[in-house]
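Student: predicted model and sequence follow; I will ask about them next.
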Amino acid sequence: MAATSRVQALLNKTCQRFSQLRVLGVHCQSLSTTTSCHDTRDVNKIRNIGISAHIDSGKTTLTERILFYTGRIKEMHEVRGKDEVGATMDSMELEREKGITIASAATYTTWRDHNINIIDTPGHVDFTIEVERALRVLDGAVLVLCSVGGVQSQTLTVDRQMKRYNVPAIGFINKCDRPGANPFKVIEQMRSKLRHNAAAVQVPLGLEDRMEGVVDIIRREVIYFKGPHGNDVERSAEVPAVAKELMEEKREELISALAEVDDEVADLFLLGEDPDVDTIVAAVKRCTLARTLTPVFVGTALKNLGVQTLLDGVLEYLPSPNMVDCVALDQANDEKEVQLTMEEDDAPFVGLAFKLEQGQFGQLTYLRTYQGTLRKGDVIYNAKTQRKVKVPRLVRMHSDSMEDVTEVKAGEICAMFGLDCSSGDTFTDGSSKLTMMSMFVPEPVISLAIKPVNTADLDVFSKALNRFQKQDPTFRVHLDPESKETIMSGMGELHLEVYKEIMEREYKLPTVTGKPKVAFRETISSPAKFDYIHKKQSGGSGQYGRVIGQIEPLEGEEAADTEFVDETVGQNIPKNFIPAIQKGFEEACKKGPLTGNPIEGVRFTLNDGASHAVDSNDMAFQMAGIGAVRAAFEKANPIVLQPVMTVEILIPEEFQGTVIGGINKRKGTIQDSETDDGTTTIVAEVPLNDMFGYSSEIRSQTQGKGEFSMEYARHEPVMPQTQQELMKEYQESKNKK
């Protein structure tokens, strides 16, 4: 976004000058003197939380309000830079221009004598890895839902990620000021679609443009947010008559939900006694930590209602780092699980690098400490590479400055300059061989050929791609051996487009891209036996290797992998040649014969074979493995698989017929359709190969009023006609070369 004022131009210039100091999400912070205030820090007063939701649910706006009310920033700004500044957490120019969060950004703030590390994550499925690695290092989360949109496709994805890392969450139903707002419908969706035992701990005092505050149903009091920015929080036991009946009804619902999962409340419930405030609060916390209850808060971040009470809920119900079980794997003891402790400052240090950023003066590494103490000047070891590095500098955010610190203790999030590593690396003090459990990294679903406009820029081009791969595990780059083109792969069109634009803006590197290429796969649908001999004689010692066995399809969760099984008995094939046969199998799986795409879902079982005393060697058996796969593959009814996406479409009701017709033309299958208050939500499954250009189509079909999101569901076989077309294209491309 071009600057439109001298002030903005000056701000941009200053931000670029200090981009290397973009620690924990905020630019342009002054450096304070080195401090060592950590000695008095209480781990019980630390909260590491993430703010996650479907795209456009108000996560970044909520974070902006949190920073304002905690004194972290002096004034609030809006997403998309409507006031020519933009939200604090969307500090990338691209984020402010597009109005979305692209990279997770973290900040440090304080509330009621507690230190809170907050990570604002993207809602767009293309940047799901940012949510994945944030939840990997967080202790709790705030799940933000729109009071109109409710549970949407990316909400389901985020919820799955929270379950994967066992992260307790509280809910915040945002945008209660919007027309059609219905927070209780959203709570029902949380129960039915997310399978949460969700219960309100607040009810709104009025809805839409009549919302005045919130009612705390546990303490039976109404809370108003007065002042120009809602700074003045006023509590009153005099709940307006219009809200009293609703408050009592939802209070009974909360106690009933607690009684199902908490013994103490269940006993009182059966005796017909009304639990007191302390009993309910303690029960809600126990059940939230056990993920058996999701307490739900309400408000509207844009209108400054309900944010401070949500912060109180974070302190009251989400865990401190020492309340969460942290487990590492001991590489010296067959990866046995080891429980980490946060109570002993002198315990062996263990930390995880979960995010990298590149500044003008080197790499900035975000680190979550799990055990022990990390001090400036310490020597730490990378568990993956076994290389030792000295900690040159430690920083964390504090109030309005980036603060150099001498040490950080277990449970804290800090950042380091000058540390060469990759995202997901574990660091220790060298006294142990511990490594943290790795995070889940989804496979890319789309690829593009890319090259610089000017061949003189190849060095810069290579440097940029290497940086992106280091920072983002879902971004992959490889060289096509046939076309000699550089291929970049990612989670969607927007994902790749963002990296293309970063190259142009940060590196002044214009690039051109080819047509998007979908990540097709090849597999087999039936078993096939092989008896393959690789023989080559050209004078002197030759090559000889014979392999006998079968290939068969894998089922269920294994269908995305390949498997090699050695069932040979005796010495027909010497055991030292088995790895070469496995290498040949893996090599053959990199490129299938139908369309040139990787092979998956195949088990290679080696039963027998033969060798020659002189002519057999590793190369001979590797070639025999490759030849066996290719020969058997043709007999095993091979099929081509394509990625299928779950697509969620929100449109005005009157366009429903047109949009469903368009989905059918794209070979989609309608899974669900629901209309509420004039808005229709359509859920469909559509092949990714047929989704290109859909954003333009839905705009024209709905007069610009429709929107959609999609996420990867699975790979499934293509239609026979499509398979023939893909095979024909592949053969034609081979013939041209």
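Tutor: Cool, the structure landed. Numbering: from 1, shown residues only.
Student: list the beta-bridge partners for the residue lying closest to residue 628 once chain neighbours are set aside.
Tutor: Once flanking residues are discounted, residue 628 sits nearest to residue 532: 4.0 Å by C-beta to C-beta, 6 or more residues apart in numbering. In short, each C-beta sits where N, CA and C put it, glycine included. When assigned by DSSP bridges, residue 532 has beta-bridge partners residue 547.
Student: how many neighbours does residue 532 have?
Tutor: 20 (other C-beta atoms under 10 Å).
Student: which strand in this structure has the most residues?
Tutor: strand 638-652 (DSSP state E).
Student: that one pairs with which strands, and in what direction?
Tutor: strand 521-524 (antiparallel), strand 679-687 (antiparallel), strand 707-717 (antiparallel).
Student: helices and strands of this protein: which one has the lowest mean pLDDT?
Tutor: In the chain, no helix or strand scores lower on mean pLDDT, DSSP states H and E than strand 30-31, which sits at a mean of 32.
Student: what's the first helix or strand after that one?
Tutor: Counting by DSSP states H and E, the next helix or strand C-terminal to strand 30-31 is strand 46-53.
Student: adjacent strands (with direction) for that next one?
Tutor: Applying DSSP bridges, one finds strand 46-53 paired with strand 114-120 (parallel), strand 140-146 (parallel).
Student: stretch 410-423: end-to-end distance?
Tutor: In stretch 410-423, first residue to last residue: 19 Å (C-alpha to C-alpha, to the nearest Å).
Student: cool, and stretch 560-571?
Tutor: Stretch 560-571 has an end-to-end distance of 33 Å (criterion: C-alpha to C-alpha).
Student: now stretch 140-157
Tutor: End-to-end span of stretch 140-157 (C-alpha to C-alpha): 16 Å.
Student: stretch 354-363 too?
Tutor: Stretch 354-363 end-to-end distance (C-alpha to C-alpha) = 13 Å.
Student: pLDDT (mean, whole number) over it?
Tutor: Taken as a whole, stretch 354-363 has a mean pLDDT of 67.
Student: then stretch 73-88?
Tutor: Stretch 73-88 carries an average pLDDT of 57.
Student: ok, back up a step: I'd like the strands paired with strand 638-652 as JSON lines, with distance to residue 155 and mean pLDDT appended.
Tutor: Shown next, in JSON lines, are the strands paired with strand 638-652 (distance: least, C-beta to C-beta, whole Å; pLDDT from 0 to 100):
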{"stretch": "strand 521-524", "distance to residue 155": "28", "mean pLDDT": "92"}
{"stretch": "strand 679-687", "distance to residue 155": "12", "mean pLDDT": "89"}
{"stretch": "strand 707-717", "distance to residue 155": "10", "mean pLDDT": "82"}
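Student: could you pull out the helices for the stretch 101-250 of the chain?
Tutor: Taking DSSP state H, counting those that start in this stretch, the helices of the stretch 101-250 of the chain run over residues 128-137, 153-164, 183-192, 241-259.
Student: helix or strand right after the last one?
Tutor: Note on helix 241-259: by DSSP H and E, the next helix or strand toward the C-terminus is helix 263-270.
Student: got a list of contacts for that following helix?
Tutor: 255, 256, 258, 259, 260, 274, 275, 279, 280, 282, 283 (C-beta atoms under 8 Å, 6 or more residues apart in numbering).
Student: mind checking the pLDDT average for it?
Tutor: The predicted model assigns helix 263-270 a mean pLDDT of 88.
Student: now swap in stretch 491-498 and tell me
Tutor: The pLDDT scores in stretch 491-498 average 79.
Student: same check, this time on stretch 431-447
Tutor: The model assigns stretch 431-447 a mean pLDDT of 76.
Student: centre of the chain versus it, how much separation?
Tutor: Stretch 431-447 sits 12 Å away from the centroid of its parent chain (C-alpha atoms, centre = their mean, to the nearest Å).
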